[in-house]
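**Q** generate a structure from the sequence data that follows.
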Amino acid sequence: MAQGAHGAHSASVIKPPRKLAGETRLTAVPKVRLYVERPEEENWFVHVGHVTERGRWRTEPHAHPAYGQLIFVRNGRGVMNLEGRSVPFEAPCALLLPTECIHGLDYEIDVDRWVVTIEVSYLTQVNAKLHEFIALWSAPRMISLADAGKSNEFYTLIQRLKQEVESDAVGQVAGTEALLTMMLLSLAREAHLEQTVNDGTPRNDVRLVERFRKLIDEHYRSNLPLQDYASMLAVSLVQLRAACASAAEKSPTKMIHARIITEAKRELIFGDMSVEQIAFWLGFADAAYFTRFFRREVGQAPSQFRMEARK
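**A** Have a look, this model is predicted:
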């Protein structure tokens, strides 16, 4: 596990769309990885950093394709750009940023913040412990910790997590997982997710759906038949549909469509590709079909959505 201050970001790792004749090459939304200072730290799975800044501090919209991130703002305030929405925040609070979430941060005054970055495959293992954890990471969110007692408890947990990550003690991995689990549990309770989660969902269904989500992230631009996903998961279509209905309350097809729409919205808001280029980048052979698909799912044409979102 790596330790120390929150690393800087490297350059974009996503390839730009294919250059069309007579057109300038355009780029997609920046997808960045975290920089690790020492080579021996490249295989870390939890990274804890403490960052303080004087005055205003800002990052442009970007995404982490391989990490989930939790930012505990102990002092200060600012505004998050979450998938094109402006979300104000004020300490003490926690900012939860799932994998692939497009976010930018504008800290308006002196800020004291702790940053916990979690490698996605390890986060998936932790999330499998409790359905509420999956619900917690299902969307970016700001969770207020205004109660002084709860804020102090969370601060203590994050300090202990940093100490455990940096230690060489026996059971370091188990200790790290225990502290991370307690932090996520406290956030799930503060976010009041219990009301929306079905506690009777079989754990096998939860795990299967999480594996399915991972495959969707890898292949949503490939237009794969649903049977191909089932084959990769080594289950029948009936089993996959039943698990999605139980754990996600959506059909597998709807889950794939939702992922495509999420990426389309991100590119329309933050990217500089044309609607036609976005359609081809997402695997559509016909830009007109992409427009009909987007309108059916969102209720607006892509061009109209882009214009209104960028106002």
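**Q** every contact and neighbour count from this point should use C-alpha atoms.
**A** Fine.
**Q** distance-wise, check S86 relative to W57.
**A** Noted for S86: a distance of 16 Å to W57, by C-alpha to C-alpha, to the nearest Å.
**Q** got it, and A309?
**A** 24 Å.
**Q** cool, and S222?
**A** Relative to W57, and taking C-alpha to C-alpha, S222 is found at 38 Å.
**Q** would you list the phi and psi of the residue nearest the centre of the chain?
**A** For the chain, the residue sitting closest to the mean C-alpha position, by C-alpha atoms, centre = their mean, is P98 at 1.9 Å. Main-chain torsions, P98, degrees, to the nearest 10: phi -70, psi 170.
**Q** ok now do it, which residues does it touch?
**A** Y67, G68, Q69, W137, S138, A139, P140 (C-alpha atoms under 8 Å, 6 or more residues apart in numbering).
**Q** helix, strand, or coil at the fifth one?
**A** Meaning S138. With DSSP: H, G, I helix; E, B strand; the rest coil as the basis, the three-state label of S138 is coil.
**Q** grab the nearest non-local neighbour of it.
**A** P98 (7.2 Å; C-alpha to C-alpha, 6 or more residues apart in numbering).
**Q** which residues of the protein score low on pLDDT?
**A** 1-43, 193-201 (pLDDT under 70).
**Q** domains for it, by residue range?
**A** As assigned by automatic domain parsing, the chain contains the domains 39-196, 203-309.
**Q** so which elements touch the helix or strand in which F154 is found?
**A** Per DSSP states H and E: F154 is located in helix 148-166. Counting by 3 or more C-alpha pairs under 8 Å, 6 or more residues apart in numbering; DSSP states H and E, the packing neighbours recorded for helix 148-166 are strand 46-53, helix 172-190.
**Q** got the buried residues for it?
**A** Neighbour-count burial for helix 148-166 flags S151, F154, Y155, L157, I158, Q159, R160, L161, K162, E164, V165, E166 (criterion: 16 or more other C-alpha atoms under 10 Å).
**Q** cool, and stretch 261-279?
**A** Buried residues in stretch 261-279 (16+ other C-alpha under 10 Å): 261, 263-271, 273, 275-279.
**Q** which of those residues fall in helices?
**A** Counted as lying in helices by DSSP state H, out of the buried residues of stretch 261-279, are 261, 263-270, 275-279.
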